[in-house]
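Student: Just to be clear, the model below is a prediction. Sequence and coordinates:
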Amino acid sequence: MNTVRITFPDGTAKEYPRGTSGREIAESISKSLA
């Protein structure tokens, strides 16, 4: 698998390339998370 899929409580999901850092994922969700 070449992606990481994150599913949120509301049922929406986002996929990120493998190797994406947790910080990058947090920033893509909300700047205040990072």
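Tutor: Yes, it's here.
Student: Pull the contacting residues for the spatially most central residue of the chain.
Tutor: When CA atoms, centre = their mean is applied to the chain, the residue found nearest the centroid is I25 (3.9 Å). Contact analysis of I25 by CB atoms under 8 Å, 6 or more residues apart in numbering lists 4, 6, 14, 16. From N, CA and C alone the C-beta is placed, and that goes for glycine too.
Student: In strands, which of these appear?
Tutor: Residues of the contacts of I25 located in strands (DSSP state E): 4, 6, 14, 16.
Student: Present these as JSON lines; the columns should include distance to A34, neighbour count and pLDDT.
Tutor: Listed next are the ones in strands among the contacts of I25 as JSON lines, based on distance: CB to CB, whole Å; neighbours: other CB atoms under 10 Å; pLDDT from 0 to 100:
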{"residue": "V4", "distance to A34": "17", "neighbour count": "14", "pLDDT": "93"}
{"residue": "I6", "distance to A34": "15", "neighbour count": "12", "pLDDT": "94"}
{"residue": "K14", "distance to A34": "15", "neighbour count": "13", "pLDDT": "96"}
{"residue": "Y16", "distance to A34": "14", "neighbour count": "14", "pLDDT": "97"}
